[in-house]
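Participant: Pasting the sequence and the predicted coordinates here, then a few questions.
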Amino acid sequence: MVNQKTNTPILQSLTRPILLLGGERENVILLACISLSLCTVGRDILSLILAIIIWFVGIIASKLMARIDPWSTKIFLRSLQYQDFYHAREKINTPQSVIKRTRKF
């Protein structure tokens, strides 16, 4: 009994991304705030139409982006944070390393 292994199930509800209206939660909330503020600040029919267009186009774009990668915004923001630390490409003045290999047949 002491050496018996126990299996711990990983529940899908703990690893599933949190989506709102099919898109990332933060993106949809930010989009709603922008659309509502444009609608209330403008106070005319043109700003209302523009807010509705921005809302629907933004929701469609957010849904498409969430289908590809549900965590894309968080990954992008994290990559901006480490951009100064880690360069994805080598610098222009980086010396090329020469690797000498010997083959044994």
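Facilitator: Looks like it came in fine. Here the structure is a predicted model, which is why all the values come from computation and not from measurement.
Participant: can you tell me which residues contact Val28?
Facilitator: Leu20, Leu21, Ile59, Ser62 (CB atoms under 8 Å, 6 or more residues apart in numbering). Every residue, glycine included, has its C-beta placed from N, CA and C.
Participant: so Leu20 bridges to which residues?
Facilitator: Gly23 (DSSP bridges).
Participant: surely it meets Ile29?
Facilitator: Yes - using CB atoms under 8 Å, Leu20 is in contact with Ile29, at 7.1 Å.
Participant: Report the set of residues contacting both of the two.
Facilitator: By CB under 8 Å, 6+ apart, no residue touches both Leu20 and Ile29.
Participant: Closest to Arg43 out of the contacts of Val28?
Facilitator: Ile59 (23.5 Å; CB to CB).
Participant: Pull up the gap between the closest one and Gln81, please.
Facilitator: 27 Å (CB to CB, to the nearest Å).
Participant: so how far is the longest helix seen in the chain from its chain's centroid?
Facilitator: Assignment by DSSP state H gives helix 45-68 as the longest helix of the chain. With CA atoms, centre = their mean, to the nearest Å as the basis, helix 45-68 stands 17 Å off its chain's centre.
Participant: Could you list the buried residues of that helix?
Facilitator: Buried residues in helix 45-68, counted by 16 or more other CB atoms under 10 Å: Ala51, Trp55, Gly58, Ile59, Ser62, Lys63, Ala66.
Participant: Quick one: end-to-end distance for stretch 34-52.
Facilitator: Taking CA to CA, to the nearest Å, stretch 34-52 runs 11 Å from one end to the other.
Participant: roughly how far is it from the heart of the chain?
Facilitator: 27 Å.
Participant: Repeat that for stretch 18-26.
Facilitator: Worked out by CA atoms, centre = their mean, stretch 18-26 lies 11 Å from the chain centre.
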